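A.B. asks: Predicted model follows, preceded by the sequence.
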Amino acid sequence: MASFAVKDDFFDGQTLRAAATAPFGGADILECIEVARRVKAKDLDSWYDEWFAAAARAEQLGTEAEAAGQTETARLAFLRATTYHRTAGSVYLSRPVNPRLSDSITRQTASFRRAMTHLPWHVEAVQIPFEGITLPGYHFRVADDGAKRATVILLNGYDGTVEETYFGNAAAALARGYDVLAFDGPGQGSVLVDQGVPLRPDWENVLTPVVDWLLERPGVDPDRLGLIGWSLGGFLAPRAASGEHRLAACVADSGFYDLFDSIAERIPAPLRGEIPDGNRAAVATVEAMMDAIMRKPTGGWFLRRGLYVNGVETMLDYIRQSKAYTLKGFAEKITCPTLICHGELDDVSASAPLTYAALTCEKELITFLERDGAGGHCEMGARQLYLARSFGWLDAILEPGRVA
């Protein structure tokens, strides 16, 4: 796949990710490209500095516009600041926790909450009780009129935040007539960074108390609940749906079928069978390879992120833990109609067709193509196409235009 803005694969992917929020006010495309091109090669601090500066400029514009009563300008400026703060801090997603990561979480939340006061929908910041902690989120409603509408619940990815889900799916859902609940779960956003809670595989146990909480809220039609997960959420959503049967539909966008199998495919063939607890020499070879990669500033980000998010100390511990992140024996338990999506060039979701094959419920598989700009992870180059196809499928089931 051709580069979008810069030659570094990691920086380029993160630039595209930021730019993909543009249709919903989260970025200006050329601004993202220019910011990324000012970053010094493989320099994480330079990346942070340039994106933080862009966020600060957007915040200043929003503050000035708000003071002048220019609410539309303020809304869009604060939405851009939200994306740019998230993009700045995300490069530090590793241990030990860099204060810039924590600060970026705080700043993006503050920017989004300033923007949300100018959104055309009713939005409430919420705290969902969960096993002695709270899961921060937002309950978006088309109108605060007491009418019951279809609601979609959004699940985030490996390194995203609940605020990013607004651009990923929430804004599109609201425009189509859905109410939306988005939240950070274990291992995500401020739950990871501020509360120190790592990721867990059993989201069938995470989602049920969230649904319990949601059904106590006004305006929720209990018969029209949908679940949408993107990136890692493309795994978490079907895993959650395997145990939560009050859902009327599930969309899994770019998730894997079995994490251990996906990792093993990236290990040289002669060594795969030795991981993680086989021949000591082979294990040591793989560990040395991974440690060398992890030390690379941009090339090792994915591995450093994995250790931090999963709450483990070594790559071998990560690989051992990965065996629990599977849909084997779980996909078959899903009862609601399920849509599986993935890009044809996305190695993260290459196993998505295996999830589809394992489903015994009503199901559909959509493979998005590179010729349409949609072949990468989460269809970032063509989110409008993804949204058209996925909500076209979902609308037929949940009927967002019907108000009770």
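C.D. replies: Right, received. Where do you want to start?

A.B. asks: Pull the residues that contact the host helix or strand of residue 32.
C.D. replies: Taking DSSP states H and E as the criterion, residue 32 maps to helix 29-37. If you take C-beta atoms under 8 Å, 6 or more residues apart in numbering as the criterion, helix 29-37 is touched by 4-6, 11-12, 15, 18-19, 22, 50-51, 54, 80, 84. For the C-beta atoms, the positions are set from N, CA and C on the backbone; glycine is no exception.

A.B. asks: Looking at those residues, which one is closest to residue 381?
C.D. replies: Distance to residue 381, by C-beta to C-beta, is smallest for residue 4 among the contacts of helix 29-37, at 7.4 Å.

A.B. asks: in the stretch 51-200 of the chain, which spans are helices?
C.D. replies: Remark: helices assigned in the stretch 51-200 of the chain by DSSP state H, counting those that start in this stretch are 71-89, 99-116, 162-165, 171-175, 189-193.

A.B. asks: Return the set of buried residues in the first one.
C.D. replies: I take that to be helix 71-89. Within helix 71-89, the residues that count as buried by 16 or more other C-beta atoms under 10 Å are 73-89.

A.B. asks: how distant is it from the center of its chain?
C.D. replies: Distance of helix 71-89 from the chain centroid (C-alpha atoms, centre = their mean, to the nearest Å) equals 18 Å.

A.B. asks: Quick one: work out the angle between that helix and helix 99-116.
C.D. replies: 160 degrees (axes from the mean of the first three to the mean of the last three C-alpha atoms, to 10 degrees).

A.B. asks: Kindly export helix 71-89 (C-alpha atoms) in PDB.
C.D. replies: Presented in PDB, the C-alpha positions along helix 71-89 are these (Å, rounded to 0.1, in the frame of the first residue of the first chain):
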ATOM      1  CA  THR A  71     -20.200  28.300  18.200                       C
ATOM      2  CA  GLU A  72     -19.700  26.400  14.900                       C
ATOM      3  CA  THR A  73     -16.100  27.600  14.500                       C
ATOM      4  CA  ALA A  74     -15.500  26.700  18.200                       C
ATOM      5  CA  ARG A  75     -17.000  23.200  17.800                       C
ATOM      6  CA  LEU A  76     -14.800  22.300  14.900                       C
ATOM      7  CA  ALA A  77     -11.700  23.800  16.400                       C
ATOM      8  CA  PHE A  78     -12.100  21.800  19.600                       C
ATOM      9  CA  LEU A  79     -12.800  18.600  17.700                       C
ATOM     10  CA  ARG A  80      -9.500  19.100  15.800                       C
ATOM     11  CA  ALA A  81      -7.700  19.700  19.100                       C
ATOM     12  CA  THR A  82      -9.200  16.500  20.400                       C
ATOM     13  CA  THR A  83      -7.700  14.500  17.500                       C
ATOM     14  CA  TYR A  84      -4.400  16.200  17.600                       C
ATOM     15  CA  HIS A  85      -3.900  15.800  21.300                       C
ATOM     16  CA  ARG A  86      -4.600  12.000  21.000                       C
ATOM     17  CA  THR A  87      -2.300  11.700  18.000                       C
ATOM     18  CA  ALA A  88       0.500  13.600  19.900                       C
ATOM     19  CA  GLY A  89       0.400  11.400  23.000                       C
END
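
A.B. asks: Can you name every helix or strand that it contacts?
C.D. replies: Secondary-structure packing of helix 71-89 (3 or more C-beta pairs under 8 Å, 6 or more residues apart in numbering; DSSP states H and E): helix 9-19, helix 44-67, helix 99-116, helix 162-165.

A.B. asks: Recalculate using a threshold of 10 Å.
C.D. replies: For helix 71-89, the elements it packs on are helix 9-19, helix 29-37, helix 44-67, helix 99-116, helix 162-165, judged by 3 or more C-beta pairs under 10 Å, 6 or more residues apart in numbering; DSSP states H and E.

A.B. asks: Now pLDDT and distance to residue 372 too, for the contacts of helix 29-37, in JSON lines please.
C.D. replies: Formatted as JSON lines, the contacts of helix 29-37 follow (pLDDT from 0 to 100; distance: C-beta to C-beta, whole Å):
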{"residue": "4", "pLDDT": "96", "distance to residue 372": "15"}
{"residue": "5", "pLDDT": "96", "distance to residue 372": "19"}
{"residue": "6", "pLDDT": "97", "distance to residue 372": "23"}
{"residue": "11", "pLDDT": "98", "distance to residue 372": "24"}
{"residue": "12", "pLDDT": "98", "distance to residue 372": "19"}
{"residue": "15", "pLDDT": "98", "distance to residue 372": "20"}
{"residue": "18", "pLDDT": "98", "distance to residue 372": "21"}
{"residue": "19", "pLDDT": "98", "distance to residue 372": "17"}
{"residue": "22", "pLDDT": "98", "distance to residue 372": "17"}
{"residue": "50", "pLDDT": "98", "distance to residue 372": "30"}
{"residue": "51", "pLDDT": "98", "distance to residue 372": "28"}
{"residue": "54", "pLDDT": "98", "distance to residue 372": "29"}
{"residue": "80", "pLDDT": "98", "distance to residue 372": "26"}
{"residue": "84", "pLDDT": "98", "distance to residue 372": "27"}
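
A.B. asks: Touching, residue 278 and residue 272? I think so.
C.D. replies: Yes. Using C-beta atoms under 10 Å, residue 278 makes contact with residue 272 at a distance of 9.4 Å.

A.B. asks: list the residues that contact both of the two?
C.D. replies: Between them, residue 278 and residue 272 share these contacting residues under C-beta atoms under 10 Å, 6 or more residues apart in numbering: residue 286.

A.B. asks: in this protein, which strand has the most residues?
C.D. replies: If each strand of the chain is counted by residues according to DSSP state E, the longest one is strand 220-230.

A.B. asks: Mind listing what's buried along that strand?
C.D. replies: Using 16+ other C-beta under 10 Å as the test for burial, strand 220-230 gives 220, 221, 224, 225, 226, 227, 228, 229, 230.
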